[in-house]
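Q: show me the folded form of this:
(one chain, ligands or ions: 1)
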Amino acid sequence: MSDYERCKTCGEYGWTGASAARFGGHICPPTWEARIHETKYENEWTEIHARDAEEAASKFCQQHDSNGDYDIIQSGEAEIEVRKWGEDKIALIDISAESVPTYYAHRRAAPVEPETALKTAQGEPK
Ligand SMILES: [Zn+2]
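A: Purely as a prediction, here's the structure:
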């Protein structure tokens, strides 16, 4: 059996289950560790699954902001230290951040009267 679901390890969607591996099912991206450059002596490394150092830094910021008070999105930038799990070499990644406006649409139960019908009712010329 296979299911298309969110991976509990890395958070990405993919095919999981016993038979998924045989037809190209989900494999977690490599493990990285990330932390904020400025506060590196105050905070532990955070484990992140990502394809490369830049994606690891972006994912770290997203996670850091949603678990905290959104200080990265508020300042618009951050410097993130990233290293591949088990390796000593640290890369410094510059992050620029912006929030994206989102519009939510909900149709009302009562439809709006057509404009021509409204004009006729008010006695205006057609
Ligand atoms: Zn995964």
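Q: quick one: end-to-end distance for stretch 9-17.
A: Length of stretch 9-17, first residue to last, CA to CA, to the nearest Å: 14 Å.
Q: anything in it near the ion?
A: Yes - under the criterion of CB under 5 Å from the ion, stretch 9-17 makes contact with the ion via 9-10. Every residue, glycine included, has its C-beta placed from N, CA and C.
Q: distance from that stretch to the middle of the chain?
A: Centroid separation for stretch 9-17 versus its chain: 15 Å, with CA atoms, centre = their mean, to the nearest Å.
Q: element containing Gln62, please.
A: helix 53-67 (DSSP states H and E).
Q: next up, the contacts around Cys7.
A: 13-14, 16, 26, 28 (CB atoms under 8 Å, 6 or more residues apart in numbering).
Q: just give me the closest of those residues to the ion.
A: Proximity of these to the ion (CB to the ion) peaks at Cys28, which lies at 3.3 Å.
Q: now that closest one: closest residue in space that isn't a chain neighbour?
A: Cys10 (4.3 Å; CB to CB, 6 or more residues apart in numbering).
Q: same question, Gly11
A: In space, Gly11 is closest to His49, 7.2 Å off (CB to CB, 6+ apart).
Q: count the neighbours of the one you found for me.
A: 18 (other CB atoms under 10 Å).
Q: does it touch Gly14 like I think?
A: No - using CB atoms under 8 Å, His49 is not in contact with Gly14, being 11.7 Å away.
Q: separation between the residue positioned nearest the centre of the chain and the ion?
A: For the chain, Gln62 is the residue whose C-alpha lies nearest the centre (CA atoms, centre = their mean; 6.2 Å). Plainly put, Gln62 is 16 Å away from the ion if you go by CB to the ion, to the nearest Å.
Q: tell me the pLDDT of that residue.
A: Per-residue confidence (pLDDT) for Gln62: 95.
Q: now for it: which residues touch it?
A: Not one residue lies near Gln62 by CB under 8 Å, 6+ apart.
Q: and the pLDDT at Arg83?
A: Value for Arg83, per-residue pLDDT: 98.
Q: who touches the helix or strand encompassing it?
A: When elements are defined using DSSP H and E, Arg83 is found to belong to strand 77-84. Contact with strand 77-84 is made by 30-38, 40, 45, 53, 56-57, 60-61, 72, 89-97, as judged by CB under 8 Å, 6+ apart.
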